[in-house]
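Peer 1: what's the 3D shape of this:
(chains A and B, ligands or ions: 2)
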Amino acid sequence: MAPITGPSHLVNSLASPAHLETSASQLDGVPKDLEDSIRFETSRLLQATGILLRLPQEIIAQSIVVLSRFWSGADGMSLLECDAVDAAAAALYLTAKPSATPLSPRSLLTVLEYTSTVSPHYSQASTGASEPQWSLSEGSYETARDRLYATEAQLLRTLGFQTHVALPHALCINYLQTLQVFKAPSSDGSALAKRAIKLLNTALLSPQQLFLTHQPPALATAAIYLAVREEGVNLPDVEWWEVFDVDREELGFLVVALTSVEGFAEREREVWGDRKVPLTVGEVRAEIERRTMLEEGE
Amino acid sequence: MALAAPPPAGMTDPTQRRFRGAARISEYEVMKEKLGEGTFGVVSKGVSKRSGKVFALKKILMHNEKDGFPITALREVKLLKMLSHPNILRLEEMAVERQSADDKGKNGKKRATLYMVSPYADHDLSGMLTNPDIRFQESQIKCYMQQLLEGLRYLHDSHILHRDMKAANILISNTGVLQIADFGLARHYEGPTPQPGKGNGEAVRDYTSLVVTRWYRPPELLLTLKKYTPAIDMWGVGCVFGEMFERKPILEGRTDVDQCVRIFKLVGSPNESNMPGWSSLPGCEGHKEWEQRKGDIDQRFGQHLKPEGLDLLKSLLCLDYKKRVNAIDALQHPYFKTAPLPARPEDLPRYQDSHELDARRRGQEKKMNLPPAPAGGTVGMGPDEWNPQGGPYGGNGYHNGPNYPRDRGPPRRYDDRRGPPPPDSSRQPHWRQDRDNRARMPPAANGHGLPPPPADLPRRPDMRNGPPPPPGSRGPPAGGPNVDTYIPSYAGGRGSREGSYRDPDAVPPPPSRGYRDDPYRERERERGPLPGYDRARRTRSRSPEQEDMRRARLQNRERDFYGR
Ligand SMILES: Nc1ncnc2c1ncn2[C@@H]1O[C@H](COP(=O)(O)OP(=O)(O)OP(=O)(O)O)[C@@H](O)[C@H]1O
Ligand SMILES: [Mg+2]
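Peer 2: Ligands and ions are numbered 1, 2, ... in the order given. As a prediction, this is how the structure comes out:
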């Protein structure tokens, strides 16, 4: 056999378990649960901002993965070194740049200014309940733009210029076709597909960094498995996932991880209520301080 | 399987590649010698101080005040990082050059220079072909063709269009290994990948037709097809194949129209049977009528090639891009199975280094004894192309400038495939300012200086100054019914608990953003403990390994922006 490798646009650079054991932020003293909250919140911020910017979900999802690479591992960036909101902006800017839908710094920063003011009530943004801020003065635009470029540089350096992200979404549809769900008379294949895609987008928000630890085929398979269960569709009673090279153990792990995101999100809502999750270095410091004082006050 | 080239040492599984780090340029001894002049800057030779190995360093000039990291470089780096194949140039790492404090941009900001580091190849094909001391055997040509096709097969199978196939972008090492380089114009391709026996498939969307250096540009691009396919790269392979016999580019068009004329003279003029649909294409700079020709490819290449070779050349230089052979099928062509059989890379002769620039230099020396070329004589090279009053070709429709007003792409940018504006650019019409910088180079000396590469991709009109879409126009941004995600909504009816945790006496957070006003300032070396935060408690639960990592991190802090 010739030493030909398969097309590598379908695979991701993964983080090793050792890599994910700790993070720069934790080493700097940011509690793990606070880190999780911030990562979750910035992912939601990216999702909301990306939608307002009319970006394809592909770009939004990739930017969320890029951002989670940025914070991961001891050699990643720390939440006490870089404002989370700046990092999110740079991740979206960088991901969109070489794509068919690049962003101008101005539109990105303006929309981000807007979404930041409605945070955490993104879903209320459309109701007009809040008075969002969505204009940037020329001066603050220029400062923000310079900061965007600086953070972009930081992001590239930290990622070792590895900006390619393979997503499981298209693969998931392929797999469903292979499983012939769109042909089966009794099942609604498109409802199943929608559910699976939703699950994949949910997986982006998992505190377990699933996109850094599992390749697209495994993620796609797990989403289908769960969607099938939730939609009550009957698939052949065989271990069909093996066709996609996913073993039972990995599948089991991912299914549990996927199912737990909802509970995690629920807890986040309870913990934070109407308080804003800290998204700048200053806010993170203040939050750590606040917790310390609470602890000491006990 | 056919391919002979062994994987270069150190080739890794892309999934295993670390995603961290950039080296310092000081880890390399940069040689004076220029290998080539790229879009972003110069390509130089460098020796790693760590390993003693030789590398090529391609400079990416950063102008931080523009759009951040240059988009062309970003595309190239991203693709190279993703690809892993013996016949594709490997990106070893990125290296950063720290600029001295007084070498600042106009806002007083430091600029960083980045280098793409790739293994040094002794030759590029253009340099080899113009080197009078090098003669190719047919077995050698077959060996290179096979490797070139293997590389392209992999690229196309990975959904990538190269879009700048030409001899100067094909590197050859002294171990006989050929590698495709220069991914500055490459992009992801959305259409189905080529399948055996099925040509190059159909594109599913439009791309800019302003790609591929003119002499290697396929007829469908010259006639402004936008839904093009991997077939455009296959045409370039045909040009390179022919070039290996004639030892100079086979279709040296002086203008885009002239390029068409030369193509049709070689392979015949288009009609509904040899290029179905050609007449409904927009045409070349308004030209849609072509002189009827039969094509002289048999006469021209019959002297070099036996029937199998001629057949392969014709199937690569096939006017009908739907029928043009794909890389998979070309590799199966009888040409590679008839005598003389392809040589093995390791059996090929070794030569002194030769790169495209050497060729230009060689030419330059010869040139001095020759009468000056007529003004604008080598189109794309003549200084008169820059004359707003029109040199020999001014304003007669032969330019690819004025006829592409909407397609010219972005205003001049530092990272595009054109050089800086000529000195008097302010007095020139805008479209002329957009011309390729090579147009201003001294007349080509080796008889075939390169024609203009294409302009860069047009950018999507940006939303500058426009307000963001009205919040109500798209439904709830997240968690709502229109959205393919179910981010749980925070819109619970819960009352605000904001006040309950707030401590009015809390120390105000330190300003977090100030230090970023200078984006190239180094990161803080070490920070003091957080106010009110017990450092001992913070570290108590940490393992010794974590402490080591933390220390390593602190040491790394002094590293500058793109550094590891
Ligand atoms: N790894 C390498 N080893 C040896 N020479 C190289 C290497 N990489 C590039 N070169 C030389 O530098 C030249 C320019 O490099 P490259 O084509 O990557 O730059 P570019 O900016 O895309 O140039 P162009 O303007 O031709 O598109 C090549 O033609 C080749 O001669
Ligand atoms: Mg080149």
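Peer 1: please make it C-alpha for all contacts and neighbour counts, starting now.
Peer 2: OK.
Peer 1: any idea how many residues pack against the residue of chain A found nearest chain B?
Peer 2: Chain B sits closest to A:Gly160 of chain A, with a gap of 3.8 Å, by C-alpha to the nearest C-alpha. For A:Gly160, the tally of surrounding residues (other C-alpha atoms under 10 Å in any protein chain shown) stands at 23.
Peer 1: can you classify it by secondary structure?
Peer 2: coil (DSSP: H, G, I helix; E, B strand; the rest coil).
Peer 1: test my guess that it contacts B:Ala23.
Peer 2: No: using C-alpha atoms under 8 Å, A:Gly160 makes no contact with B:Ala23, being 9.5 Å away.
Peer 1: how about the residues of chain B that lie near ligand 1?
Peer 2: B:35-40, B:43, B:56, B:118-122, B:124, B:168-169, B:181-182, B:184, B:355-356 (C-alpha under 6 Å from any ligand atom).
Peer 1: strands - which of these land there?
Peer 2: Those of the residues of chain B next to ligand 1 mapping onto strands are B:Leu35, B:Gly36, B:Glu37, B:Val43, B:Ala56, B:Ser118, B:Pro119, B:Asp124, per DSSP state E.
Peer 1: can you tell me which of those residues is nearest chain A?
Peer 2: Nearest to chain A among those, with distances taken as C-alpha to the nearest C-alpha, is B:Ser118, at 14.5 Å.
Peer 1: surely the closest one is in contact with B:Phe55?
Peer 2: Yes: between B:Ser118 and B:Phe55 there is a contact under C-alpha under 8 Å: 5.6 Å.
Peer 1: circling back: just the buried residues from the residues of chain B next to ligand 1, in PyMOL please.
Peer 2: The buried subset of these, as determined by 16 or more other C-alpha atoms under 10 Å in any protein chain shown, is captured in PyMOL by this line:
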select buried, chain B and resi 35+36+38+39+40+43+56+118+119+120+121+122+124+168+169+181+182+184+355+356
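Peer 1: ok, now how distant is the residue nearest to B:Val47 when sequence neighbours are not counted from chain A?
Peer 2: In space, B:Val47 comes closest to B:Val54 once its chain neighbours are excluded; the distance is 4.5 Å by C-alpha to C-alpha, 6 or more residues apart in numbering or on different chains. Using C-alpha to the nearest C-alpha, to the nearest Å, one obtains 21 Å as the distance from B:Val54 to chain A.
Peer 1: quick one: contacts for B:Val54?
Peer 2: Listed by C-alpha atoms under 8 Å, 6 or more residues apart in numbering or on different chains, the contact partners of B:Val54 are B:Lys45, B:Gly46, B:Val47, B:Ser48, B:Pro119, B:Tyr120.
Peer 1: measure it to B:Ala23 for me?
Peer 2: 15 Å (C-alpha to C-alpha, to the nearest Å).
Peer 1: can you give me the helices for the stretch 51-200 of chain B?
Peer 2: Here the stretch 51-200 of chain B has its helices, by DSSP state H, counting those that start in this stretch, at B:71-82, B:125-129, B:138-157.
Peer 1: tell me which of those helices is the most buried.
Peer 2: helix B:125-129 (a mean of 26; mean count of other C-alpha atoms under 10 Å in any protein chain shown).
Peer 1: could you say what helices and strands that helix packs with?
Peer 2: strand B:170-172, helix B:356-367 (3 or more C-alpha pairs under 8 Å, 6 or more residues apart in numbering or on different chains; DSSP states H and E).
Peer 1: got any ranges where chain A has weak pLDDT?
Peer 2: Flagging of chain A using pLDDT under 70 yields the residue ranges A:1-9, A:124-134, A:184-187, A:298.
Peer 1: in a markdown table, list the ones in strands among the residues of chain B next to ligand 1 along with distance to A:Glu296 and pLDDT.
Peer 2: Formatted as a markdown table, those follow (distance: C-alpha to C-alpha, whole Å; pLDDT from 0 to 100):
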| residue | distance to A:Glu296 | pLDDT |
| --- | --- | --- |
| B:Leu35 | 65 | 88 |
| B:Gly36 | 65 | 84 |
| B:Glu37 | 64 | 79 |
| B:Val43 | 60 | 93 |
| B:Ala56 | 58 | 96 |
| B:Ser118 | 55 | 96 |
| B:Pro119 | 58 | 96 |
| B:Asp124 | 69 | 94 |
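Peer 1: grab the two from those residues that are most spread out in space.
Peer 2: Using C-alpha to C-alpha, those span at most 17.0 Å, a distance reached by B:Glu37 and B:Pro119.
Peer 1: OK, contacts around the closest residue to B:Leu223 other than its chain neighbours?
Peer 2: Spatially, and ignoring its direct neighbours in sequence, B:Leu223 is nearest to B:Gly283 (4.1 Å; C-alpha to C-alpha, 6+ apart). With contact set as C-alpha under 8 Å, 6+ apart, B:Gly283 has these partners: B:Leu222, B:Leu223, B:Thr224.
Peer 1: cool, and A:Ser78?
Peer 2: Residues near A:Ser78 by C-alpha under 8 Å, 6+ apart: A:Ser23, A:Ala24, A:Ser25, A:Gln26, A:Asp28, A:Trp71.
Peer 1: isn't the fifth one right up against A:Met77?
Peer 2: No: because the distance of 10.2 Å does not satisfy C-alpha under 8 Å, A:Asp28 is recorded as not touching A:Met77.
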